[in-house]
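Enquirer: Here's a sequence, model it:
(2 chains)
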Amino acid sequence: MSDTLIPVTVLTGYLGAGKTTLLNRILTENHGKKYAVIINEFGELGVDNDLVVDSDEEVFEMNNGCICCTVRGDLIRIVGGLMKRAQKFDGIIVETTGLANPAPVAQTFFVDEDVKAKTRLDAIVTVVDAKHFLTRLEDSPEAADQVAFADVVVLNKLDLVTPAELDAVKTRIRAINRYAEIHEATRGDVPITKLLGLAAFDLNRVLETVPDFLEEDSHTHNEHLTSISLSTTAPLSAEKFNAWISHILQTQGADILRTKGILSYAGEDRRFAFQAVHMIADGDFVAPWKPTEPRTSRIVFIGRDLNRPQLRRGFESCVA
Amino acid sequence: MNDLDALLKARGVSENLDAYITACVFNRTGTLAAFALGDGTLRLKSVAGWQNVPAHQGAVLCLAPDTGDGFVTGGDDGRFLRISAAGTVTEISSFGMKWVEHVASFAHPKSGLLACSVGKFIHLFSADGTKLRSLTHPSTVSGIAFDTKGKRIAASHYNGASLWFTASSSETPRLLEWKGSHLGVAIHPAGEAIVTAMQENALHGWTLPEGKHMRMSGYPSKTESFGFTKSGKWLATAGADAVVLWPFFGGGPMGKSATELGVTAGTFAKRIACHPEFEVVAVGFDDGSVIVVDILKEKILPVCAPGRGAVTALSWNPTGSHLALGTEAGFAALVDFSKAG
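Expert: Coordinates of the predicted model:
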């Protein structure tokens, strides 16, 4: 099914992190593919591509009961317009402004029926300036939000930092988001296969890149924005889980940026995959559990001021 | 009797144009039908046959009749073009990387007007293509419409619609506010109301001049196309599995229920075209079928069977004798309703 949908990669990162350099690198690599690129008018560098759409980031609030459900109306319009073109393309890359919150972009792909019918969100790629990231964290909440949302972090400008500085930056990134893949780079030199075609929002792959769950969550820094993981080997009740997660997302969805889970329901041989961006959730049965593998239900939250004991008690109360 | 294509076969001509048909209209003299395509061309159909006019670099995003006998178009190459009846292309204006998403015209012997929307702006031109003024909006313009006298032009955008007097030099429009993303606009033929379609599968309206709110909701999908019938009594809307008609008389639409005609389970109406003379509306569905609905008699006439791609363009000629239709798969047809049958 997803083969007919055009993959969309969201490229985010703070001002000066090197988004446009990375974008040009992706576009000029000899991959034989055509991409439509949606940029904003604040870009200081030119983008080297045939099909570039200049857009104003226009966010609006949906009147659908989700208090934090904001959507990019300009993307809905542009995706609709691109679909009319006779000249087809292999993917869409959306570059956000440096100060942008990635949530409205991601939510657009869950909320709008027309966009959902033609495209799928592939991954959120966040470019981080290794040299200035720690300073950015102090002065702008957007910098942390962009890392928290990321499926992939491109840790750029490696040539400008010492190994010790690099370690410090990586530790901070891990403290915010333990589940993003980190690729170190200089002038955006990351292979395109690490950035595009990841299907990070595909329910079948929702927790594929998550590291081993046995390790404890790191609390080395006093981050407001953290990620926590919970797991249980006891089969869950679908009904209890739905009630619990709906309540959690409704009451705390403004602070929970992303949620991902693979669940083992009692009496069900298929895994149930679950993901959410703030309050907007999506879930379905995916491939069955392998006969030999332990049926461990796992859920990951990335968000602000998460109450681990409370979430853990809630998750454990979903046991069938 | 069971052939849904009977009318198309008996009274129609059709052509496969091999690209997404984004719009179709007739010129004001009714001598030509124009189909705007996703490959950047305009295809003109006259009695003599088809003419292929290369116009834009990417897709032709919008199309309107010119004030004379040609057409105006906007494209994702940022150009606002005039295409004469003979197929000559003239650039009225160019806006760089920004898309020209909506065009409109108002025909008048002395004070004809052209308009196009680009981002947050409507650019207003005289009929000869001279730039008159630019109208600025709080967010990107999603639809434009002249009133029947050309005195006002309306724009839909985030959080409502703006109504401007075309001859005034005022920098501030009448702002009609309603929170949310508005996706298109229509003005009542007698100027009694302005209606927008919304992201949340609903329409919103304001009475004029009072500005009282009207909410029309309950649609299963977005209303991409809507319009008033000639008399202004009915607002015909797409977005449901039928044409949904809201009564704009007897105190309606508030407190009145909508009439649904031409119910076709499992499909959604995509395009609406109100007949220029009668209380009749053509409806195109996402399965490719087209019907014509007589509102007063509540009768349905099948025009075109499903299976040729979602209907994306639908238009009557000025007298209402011919209907033009186009689909996302590139199927284009003209159907003649004038012969006695």
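
Enquirer: Tell me which residues touch the nearest residue to A:D189 once chain neighbours are set aside, please.
Expert: Excluding its sequence neighbours, the residue lying closest to A:D189 (CB to CB, 6 or more residues apart in numbering or on different chains) is A:R25, at 6.8 Å. The C-beta positions use only the backbone N, C-alpha and C, and glycine is treated the same way. Contacts here follow CB atoms under 8 Å, 6 or more residues apart in numbering or on different chains; on that basis A:R25 touches A:187-190.

Enquirer: again with A:T12
Expert: Residues A:19, A:95-96, A:100, A:102, A:105, A:124-127, A:146, A:149-150 are the ones in contact with A:T12 under the rule CB under 8 Å, 6+ apart.

Enquirer: That one falls within a strand, correct?
Expert: Yes - counting by DSSP: H, G, I helix; E, B strand; the rest coil, A:T12 is found in a strand.

Enquirer: what bridges to it?
Expert: A:T126 (DSSP bridges).

Enquirer: Could you check the pLDDT of it?
Expert: Note on A:T12: pLDDT of 95.

Enquirer: With adjacent residues omitted, what lies nearest to the closest residue to chain B within the stretch 51-200 of chain A?
Expert: Closest to chain B within the stretch 51-200 of chain A is A:A86: 3.5 Å, counting by CB to the nearest CB. Nearest residue to A:A86, sequence neighbours excluded (CB to CB, 6+ apart): B:D39, at 3.5 Å.

Enquirer: I'd say that neighbour and B:Q57 touch.
Expert: No - using CB atoms under 8 Å, B:D39 makes no contact with B:Q57, being 10.2 Å away.

Enquirer: Residue numbers of the stretch 51-200 of chain A in contact with chain B?
Expert: Residues of the stretch 51-200 of chain A found near chain B (CB under 8 Å from any CB of the partner chain) are A:51-54, A:56, A:58, A:60-64, A:71, A:73-74, A:76-78, A:81, A:83-87, A:112-114.

Enquirer: next one: phi and psi at B:G40?
Expert: phi 90, psi 0 (degrees, to the nearest 10).

Enquirer: Tell me who's in contact with it.
Expert: Per CB under 8 Å, 6+ apart, neighbours of B:G40: A:86, B:54-60, B:75, B:77.

Enquirer: For B:A23, grab the count of nearby residues.
Expert: By the measure other CB atoms under 10 Å in any protein chain shown, the count of residues near B:A23 is 26.

Enquirer: On the C-terminal side of the helix or strand containing it, identify the next helix or strand.
Expert: For B:A23, the enclosing helix or strand under DSSP states H and E is strand B:21-26. Later in the chain than strand B:21-26, the nearest helix or strand by DSSP H and E is strand B:33-37.

Enquirer: Give me the distance from that following strand to the chain's centre.
Expert: Relative to its parent chain, strand B:33-37 has a centroid offset of 13 Å by CA atoms, centre = their mean, to the nearest Å.

Enquirer: close to chain A, is that strand?
Expert: Yes - looking at strand B:33-37 against chain A by CB under 8 Å from any CB, the contacts come from B:L37.

Enquirer: buried ones in stretch B:93-103?
Expert: B:93, B:95, B:98-103 (16 or more other CB atoms under 10 Å in any protein chain shown).

Enquirer: repeat for stretch B:48-59
Expert: Buried residues in stretch B:48-59, counting neighbours by 16+ other CB under 10 Å, are found at B:51, B:53, B:55-56, B:58-59.

Enquirer: Minimum pLDDT in the residues you listed, which residue is that?
Expert: B:G58 (92).

Enquirer: check contacts around the closest residue to that one other than its chain neighbours.
Expert: Nearest residue to B:G58, sequence neighbours excluded (CB to CB, 6+ apart): B:D76, at 4.0 Å. B:D76 sits next to A:53, A:81, A:85, B:56-59, B:61, B:99-100 when contact means CB under 8 Å, 6+ apart.

Enquirer: Hmm, which of those residues is lowest in pLDDT?
Expert: Within these, pLDDT is lowest for A:V53, at 87.

Enquirer: Map the structural domains onto the sequence of chain A.
Expert: What automatic domain parsing lists as the domains of chain A is A:2-201, A:218-316.

Enquirer: Check the ones you listed for me and report the most buried one.
Expert: Of all the domains of chain A, domain A:2-201 carries the top mean neighbour count, a mean of 19, counting by mean count of other CB atoms under 10 Å in any protein chain shown.

Enquirer: May I have the strands that pair with the lowest-mean-pLDDT helix or strand in chain A, each with its orientation?
Expert: Lowest by mean pLDDT, DSSP states H and E among the helices and strands of chain A is strand A:51-55, with a mean of 85. Sheet pairing of strand A:51-55 (DSSP bridges) gives strand A:35-40 (parallel).

Enquirer: Contacts for the partner strand, please.
Expert: The contact list for strand A:35-40, computed with CB under 8 Å, 6+ apart, reads A:23, A:26-27, A:47, A:49, A:51-57, A:75, A:78, A:82, A:89-97.

Enquirer: wouldn't A:I256 be in contact with A:H278 here?
Expert: Yes - using CB under 8 Å, A:I256 is in contact with A:H278, at 6.7 Å.

Enquirer: Overlap of the contact sets of those two?
Expert: A:L249.

Enquirer: Format the buried residues of stretch B:93-103 as a markdown table; extra columns: distance to A:T233 and secondary structure.
Expert: As requested, the buried residues of stretch B:93-103 are arranged in a markdown table below (distance: CB to CB, whole Å; DSSP: H, G, I helix; E, B strand; the rest coil):
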| residue | distance to A:T233 | secondary structure |
| --- | --- | --- |
| B:S93 | 67 | strand |
| B:F95 | 60 | coil |
| B:K98 | 56 | coil |
| B:W99 | 54 | coil |
| B:V100 | 59 | strand |
| B:E101 | 55 | strand |
| B:H102 | 58 | strand |
| B:V103 | 63 | strand |
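
Enquirer: restrict those to contacts with chain A.
Expert: B:98-99, B:101.

Enquirer: Which residues are in contact with A:K260?
Expert: Per CB under 8 Å, 6+ apart, neighbours of A:K260: A:179, A:206-207, A:210, A:274-275, A:299-300.

Enquirer: typed the wrong thing, it's A:R270
Expert: A:285-289.

Enquirer: And A:G80, by the same measure?
Expert: Contacts for A:G80 were tallied using CB under 8 Å, 6+ apart; they are A:114-115.

Enquirer: That one falls within a helix, correct?
Expert: Yes - assessed with three-state DSSP, A:G80 lies in a helix.

Enquirer: per-residue confidence at it?
Expert: A:G80 is given a pLDDT of 94.
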